[in-house]
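Enquirer: Predicted model follows, preceded by the sequence.
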Amino acid sequence: MPMRSEQDAHHQEAAGHGEAGPRLSIVVPCFNEADNLPAFHARLCEVAQALRKKRGLKVEVVYVDDGSRDNTYAVASALPAIGLDVQTLSLSRNFGKEAALTAGMQHARHDALLFMDGDGQHPPLLIERLVGHWLDDGYDVIYTAKAHRDQESFLRRTGVKIFYALINFRSRHKIPEDAGDFRLLSPRAADALKRLPERNRFFKGLASWIGFRQLRVDYEPAERSHGRTSWNFGSLIGLSIEGLTSFSVAPLRVASLLGLLLATGALIFGMAILYETLIYGKSVPGYPSLVVGLMVLGGVQLIMIGVLGEYIGKILSEQKARPIYFVAEHQTRSASEDAATLDNRKTNAAA
């Protein structure tokens, strides 16, 4: 009997093939997206039906309502399961996007995972391309990145560059710049991500850190059809701090380098004062230099204490081992059930 090549074995594992064929769970975190979900879901159903027809790919979508203030969960629960199974989860409160992604990942029933937003800015039509790179080319992590940031403000573009420069500072593994949460993970990559135990999660970093064969796909984000994004400048700053302290020790390294630079500067300044006093007999004004020196050192020390406090807070959070989220409501509908209901309606109408 001829032996399978390692590449064939890898493709079968990566595709999650078996007698049931490949299967994919699409995780969609939602926060106040009631107006966007119907149109988004309709496009998702079309893509799922095309994938089922062309590739025999069974698809489910997991909508996670992260404590929305509108009727997002009610809308998601009423969406039809046409061509794909539908799970809807409602978290007990707003736990944040990372917690919503974790909830969707842990409730997903299929082996391969795809994460995307429900506001329509992640184009569902791109899913077929991502699936092609997974099933045909054998990639394990196919992540998307914005092709450009021309529409964003200068301040936001600068902030993004600073964030990636900090998080990748002296890091052995670099996080791809501009990569988003819109990405597909093969079964073995998804399994590796599920095995990571930390509660303070930064999905962009973790999905990159696990390794395997990864591929970048550039795309143009679509415009939101309804509503406004809930991400303002303050929340983006908070997310950046959360990501930095959850995934990287770069702030500690920067604090250490800053302390070293200040100590070096103080040493040089002290030597200069000593030289002027001994050689030229100049008297150095004491009060201004003393006050400025104390203010600079005090400010730097407070910054360093704040950085250390962020990491100590993360340690405390991990040690408490509280659940990442709580589910208030959960509903599952299969495509076969909705198809049977639709057939019954057609039969009754014909009668």
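Expert: That came in fine, so what should we check first?
Enquirer: rest of the way, CA atoms for contacts and neighbours
Expert: OK.
Enquirer: CA atoms only: put the helix or strand hosting C45 into PDB for me.
Expert: Counting by DSSP states H and E, the element that carries C45 is helix 37-55. Below are the C-alpha coordinates for helix 37-55, written out as PDB (Å, rounded to 0.1, in the frame of the first residue of the first chain):
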ATOM      1  CA  LEU A  37     -26.600  42.300  11.600                       C
ATOM      2  CA  PRO A  38     -29.400  41.500   9.100                       C
ATOM      3  CA  ALA A  39     -27.500  42.700   6.100                       C
ATOM      4  CA  PHE A  40     -24.300  41.200   7.300                       C
ATOM      5  CA  HIS A  41     -25.900  37.900   8.000                       C
ATOM      6  CA  ALA A  42     -27.500  37.800   4.600                       C
ATOM      7  CA  ARG A  43     -24.100  38.100   2.900                       C
ATOM      8  CA  LEU A  44     -22.700  35.500   5.300                       C
ATOM      9  CA  CYS A  45     -25.400  33.000   4.300                       C
ATOM     10  CA  GLU A  46     -24.600  33.500   0.700                       C
ATOM     11  CA  VAL A  47     -20.900  32.800   1.300                       C
ATOM     12  CA  ALA A  48     -21.700  29.800   3.400                       C
ATOM     13  CA  GLN A  49     -24.000  28.300   0.700                       C
ATOM     14  CA  ALA A  50     -21.300  28.900  -1.900                       C
ATOM     15  CA  LEU A  51     -18.700  27.200   0.300                       C
ATOM     16  CA  ARG A  52     -21.000  24.200   1.000                       C
ATOM     17  CA  LYS A  53     -21.600  23.800  -2.800                       C
ATOM     18  CA  LYS A  54     -18.000  24.300  -4.000                       C
ATOM     19  CA  ARG A  55     -16.000  22.700  -1.200                       C
END
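Enquirer: Okay, now the sheet partners of the next helix or strand after that helix, with direction.
Expert: Using DSSP H and E, the helix or strand that follows helix 37-55 in sequence is strand 58-65. Note on strand 58-65: by DSSP bridges, its sheet partners are strand 23-30 (parallel), strand 85-91 (parallel).
Enquirer: could you pull out the helices for this protein?
Expert: 6-15, 37-55, 72-77, 97-107, 127-135, 154-167, 187-194, 203-209, 233-247, 250-275, 286-320, 335-350 (DSSP state H).
Enquirer: Compute the inter-axis angle for the helix holding C45 and strand 85-91.
Expert: Here helix 37-55 points in a direction 140 degrees away from that of strand 85-91 (axes from the mean of the first three to the mean of the last three C-alpha atoms, to 10 degrees).
Enquirer: for the record, mean pLDDT for helix 37-55?
Expert: Averaging pLDDT along helix 37-55 gives 87.
Enquirer: Which strands or helices does it pack on?
Expert: With contacts taken as 3 or more C-alpha pairs under 8 Å, 6 or more residues apart in numbering; DSSP states H and E, helix 37-55 sits against strand 58-65, helix 72-77, helix 127-135.
Enquirer: what's in contact with the second one?
Expert: Around helix 72-77, the neighbours that count as contacts under C-alpha atoms under 8 Å, 6 or more residues apart in numbering are 30-34, 37-38, 63, 65, 88-90, 331.
Enquirer: Now the buried members of those.
Expert: Neighbour counting by 16 or more other C-alpha atoms under 10 Å classes C30, F31, N32, E33, A34, L37, P38, Y63, D65, T88, L89, S90 among these as buried.
Enquirer: distance of G265 from G138?
Expert: Distance, G265 to G138, using C-alpha to C-alpha, to the nearest Å: 54 Å.
Enquirer: These two - which one has more neighbours?
Expert: Per other C-alpha atoms under 10 Å, whichever of G265 and G138 has more neighbours is G138, with 21 against 12.
Enquirer: Relative to A189, how far out is the more buried one?
Expert: G138 is 12 Å from A189, by C-alpha to C-alpha.
Enquirer: any idea how far A103 is from the nearest residue to S92 once chain neighbours are set aside?
Expert: Excluding the flanking residues, the one nearest S92 by C-alpha to C-alpha, 6 or more residues apart in numbering is A328, at 4.8 Å. Applying C-alpha to C-alpha, the value for A328 to A103 is 12 Å.
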